[in-house]
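Enquirer: Quick check, what structure comes out for this input:
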Amino acid sequence: MLQPYRDVLARPGALAFSSTGVVARMPMSMVGIGIVLMVEALYHSYGLAGRVSAVFVVAQAVCSPQIARLVDRYGQARVMRPALLTSAAGIALLVVAATLRAHPGWLYAAAVLSGATVGSFGALVRARWNHALGDDPRRVHTAFSLESALDELVFVVGPVLATVLATSVAPSAGLVVPVVAMLLGGLAFLAQRRTEPPVAAPDAAEQGPRGTVLRSPGMVVLVLVFVAMGAIFGATDVSTVAFAEEVGRPALAGPVLAVFALGSLVSGLLYGARHWTSPLHRRFAVGVIALAVGVCAFFLAQSLAVLAVVMFVVGFAIAPSIINGNALVQGLVPAGRLTEGLTWVGTALGVGVSVGSSVAGTRIDAGGAHAGFLVVVVAGAGALVATLVALPVLRPRGRTPGDAPVRRVEDLSASATGGASVAACENASQAGPRGETDD
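Expert: Below is the predicted model:
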């Protein structure tokens, strides 16, 4: 199972940019909860803590795709170095303002500054993989699967680390560590110029009006589905914490949520080790269906042990769905705007998490933990309906049935970011070492 991962990591510079990219992504799982823990501890207001965290998320959602557009046009290092330093300064300002018990306006201003400039290192890493492996869609599929598994690892470790630091060291410690990780990992990542995707003017067919990649109906569908998926995750987090408190075992909420992420991590590694021949949009739909149906079982769980088992199993639908969603982006946007497209789906996921946790929190206050799990079920239904109704627009145009969105090698050499599709959808004679096909 590990051999495909060894192959892609053996590419020159791959291990270096993937490992530093993991460190640079630590803030995505730590800053939100770190803000809540710090502000609540110092201002004794969950309401203020939630609002400051929401401002950070909204600023990131609005500005990250715009930063990604600049990255596609001017290069990763040129755009992200100043953005990274500005975001780190914003978080540092937030820590100082909160420690001094400054007026909440300062907290909001710092949250806007840091969220608006944080960008998306997950999209930057995937763009590098796409450039490095553009001539081999199978290996791109494996690399993207690896990155999704690493994302899950970040979400297993990050929230637990932030909570321990904020509660046992200092309220601000949960934010200091992600700032350090952002600077060390991010600057080390951006210093690797040899693997940075080249900046090239898009060809005449792709240039058109600059506009937004959301001109594509398929991208709109993906964004809506990823918002709903994010709402599933956000509502699940809050509901699990509430459920653990109701049964008198609040300390077990973190481990139970870690099991959820662990299931996704394992499935991501397994999924990336195989090469699939079924159409990519169909596999994406199957993953969303499995996730939407599976989360219904959360509502029925009556003990933390049962909930943990169900979460581990349902977690197997998460990573493949995210991997396939990112893969679909490559068939729906011009090659020279890949970073922007990947950033939109990542941002949509973050917005969904914020919305889901907020709505679930309100419902939990009114009706307990299972009212929060009902929000999870509704979010799953929304993702399911959006996927099934709009499934035809997710199929890249100009393909024959069963084809994956794989661009020609001639196109790959001309694209700004490599442009290869993640989908390793090839004919049966190429499917495996013994000629078999995986479906």
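Enquirer: any chance you could map the helices in the stretch 201-350 of the chain?
Expert: Assigned by DSSP state H, counting those that start in this stretch, the helices in the stretch 201-350 of the chain fall at 204-207, 217-246, 253-273, 280-294, 304-314, 318-332, 338-367.
Enquirer: Tell me which other helices or strands the third one touches.
Expert: It refers to helix 253-273. Packing partners of helix 253-273 (3 or more CB pairs under 8 Å, 6 or more residues apart in numbering; DSSP states H and E): helix 3-9, helix 137-168, helix 217-246, helix 304-314, helix 318-332. No exception for glycine: its C-beta is placed from N, CA and C like everyone else's.
Enquirer: mind listing what's buried in it?
Expert: By neighbour count with 16 or more other CB atoms under 10 Å, helix 253-273 contains the buried residues 253-254, 256-269, 271-273.
Enquirer: Low-confidence regions, the stretch 1-150 of the chain specifically.
Expert: 46, 135 (pLDDT under 70).
Enquirer: check contacts around the one residue sitting closest to the centre of the chain.
Expert: When the chain is reduced to its mean C-alpha position, the closest residue under CA atoms, centre = their mean turns out to be residue 346, at 4.5 Å. When the contact criterion is CB atoms under 8 Å, 6 or more residues apart in numbering, the partners of residue 346 are 64, 120, 122, 123, 226.
Enquirer: The third one: which element?
Expert: Secondary structure from DSSP states H and E places residue 122 in helix 121-132.
Enquirer: Give me the helices and strands touching that helix, please.
Expert: For helix 121-132, the contact count by 3+ CB pairs under 8 Å, 6+ apart identifies helix 14-24, helix 46-74, helix 76-99, helix 137-168, helix 173-190, helix 338-367 as packing neighbours.
Enquirer: re the thing from before, let me have the helices and strands packed on helix 253-273 in TSV, adding distance to residue 378 and mean neighbour count as columns.
Expert: Listed next are the helices and strands packed on helix 253-273 as TSV, based on distance: least, CB to CB, whole Å; neighbours: other CB atoms under 10 Å:
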stretch	distance to residue 378	mean neighbour count
helix 3-9	37	16
helix 137-168	23	22
helix 217-246	8	24
helix 304-314	16	19
helix 318-332	18	26
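Enquirer: Of all these, which one is nearest residue 388?
Expert: Distances from residue 388 to each of the helices and strands packed on helix 253-273 were compared using CB to CB; the minimum, 10.3 Å, belongs to helix 217-246.
Enquirer: tell me the mean pLDDT for the closest one?
Expert: Mean pLDDT, helix 217-246: 86.
Enquirer: Make 100 the first number, not 1, from now on.
Expert: Done: numbering now begins at 100, and the last item shifts to helix 316-345.
Enquirer: Compute the inter-axis angle for that helix and helix 352-372.
Expert: With axes from the mean of the first three to the mean of the last three CA atoms, to 10 degrees defining the directions, helix 316-345 sits at 150 degrees from helix 352-372.
Enquirer: now for the helices of the stretch 300-449 of the chain, which one comes closest to residue 195?
Expert: Across the helices of the stretch 300-449 of the chain (criterion: CB to CB), the nearest stretch is helix 437-466, sitting at 24.5 Å.
Enquirer: coming back round to it: what does the helix holding residue 221 contact?
Expert: By CB under 8 Å, 6+ apart, the list of residues contacting helix 220-231 from outside reads 107, 110, 112-113, 116-117, 120, 123-124, 127, 167, 170, 175, 179, 239, 242-243, 246, 250, 284-285, 288, 294-297, 425, 429, 437-438, 441-442, 445, 516-519, 521.
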